[in-house]
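[1] Could you work out the structure for the sequence below:
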Amino acid sequence: MGMLLSIQDFDYFMASLRLDELRKYLGVTDKYLRKAKEDFKAWADGEAKTLPPQQQQEFYEFYSDEYWRHEEKFPRILRNSFLVSAHSLLEYELNVICEKLRKDQEIAVSLSNFRGDELERVKLFFKNAGLSLDYNSPTWQEINNYYLVRNSIVHNSGLIKGFKREKDLRTYITQKKIISQDTIQEEVALTEQFCEEVINTMQSFLDEVYKVYITHKERVKSM
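    Numbers count the residues shown, from 1 in each chain. Modelled structure (predicted):
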């Protein structure tokens, strides 16, 4: 952020800490799932070796669904849950900033008085408070794209077909290479790298918001 932490930046410090905890959680759980897959594969290979050659293929076919769960389904469930949690955290942090603005400037309205989805309401509140954030920045656009993916997970189980913004979703997840290739119905298939990107982008976004907020607060004080 380029600023020394002070008492007015405590909420920023805590936001960064919570994002870092989420980043560590992602690393730990992904590592666990990789080990679980390796352990299952080692078990299956060990069992197959005890069988006659003509039965080994049949054995692997019998357990193919279980391997697919370790390879694709379990990581998908984890990462979908991670993305939803990341957005819940971001929404909380943005609510903290809105409340700070409301108290700083004795603004009569709160975030709940504005209409639209979470990001739209935050945008309207910031503008109402006079916060000069760049809503054309790549970071803001990417945060909105993450919300698109999050909404497809929450409201359509991550499936592409039937999602109300199907075209936008398909374009974005194809570009980011987070679209499934292994299911009958196409769906969101987040990668570990994409999830790491989400955390980094959210951190950059909060850096930007707090920098603008602190500058804005100092300007309002001097008026």
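
[2] Counting neighbours, show which residues of the helix or strand that contains residue 39 come out buried.
    Remark: residue 39 resides in helix 10-49, with elements defined by DSSP states H and E. Neighbour counts over helix 10-49 (16 or more other C-beta atoms under 10 Å) mark 11-12, 15-16, 19, 22-23, 26, 29-30, 33, 37, 40, 44, 48 as buried. From N, CA and C alone the C-beta is placed, and that goes for glycine too.

[3] Show me how far the next helix-or-strand element following that helix is from its chain's centre.
    Remark: after helix 10-49, the chain's next helix or strand is helix 53-62, criterion DSSP H and E. Between the centre of helix 53-62 and the centre of its host chain there is 40 Å, according to C-alpha atoms, centre = their mean, to the nearest Å.

[4] Which strands and helices lie in contact with helix 53-62?
    Using 3 or more C-beta pairs under 8 Å, 6 or more residues apart in numbering; DSSP states H and E, the elements in contact with helix 53-62 are helix 10-49.

[5] how much does the helix it packs on deviate in direction from helix 53-62?
    Here the directions of helix 10-49 and helix 53-62 differ by 150 degrees (axes from the mean of the first three to the mean of the last three C-alpha atoms, to 10 degrees).

[6] Run through the neighbouring helices and strands of the helix or strand of the chain with the lowest mean pLDDT.
    For the chain, counting by mean pLDDT, DSSP states H and E, helix 192-222 ranks last in confidence among helices and strands (a mean of 90). When contacts are defined as 3+ C-beta pairs under 8 Å, 6+ apart, helix 192-222 sits against helix 10-49, helix 74-105, helix 138-156.

[7] Out of the ones you listed, flag the one nearest residue 120.
    Relative to residue 120, the nearest member of the helices and strands packed on helix 192-222 by C-beta to C-beta is helix 138-156, separated by 9.4 Å.

[8] I'd like the distance from the closest one to the chain centre, please.
    Centre to centre, stretch against its chain (C-alpha atoms, centre = their mean), the figure for helix 138-156 is 8 Å.

[9] Over to stretch 117-136?
    20 Å.
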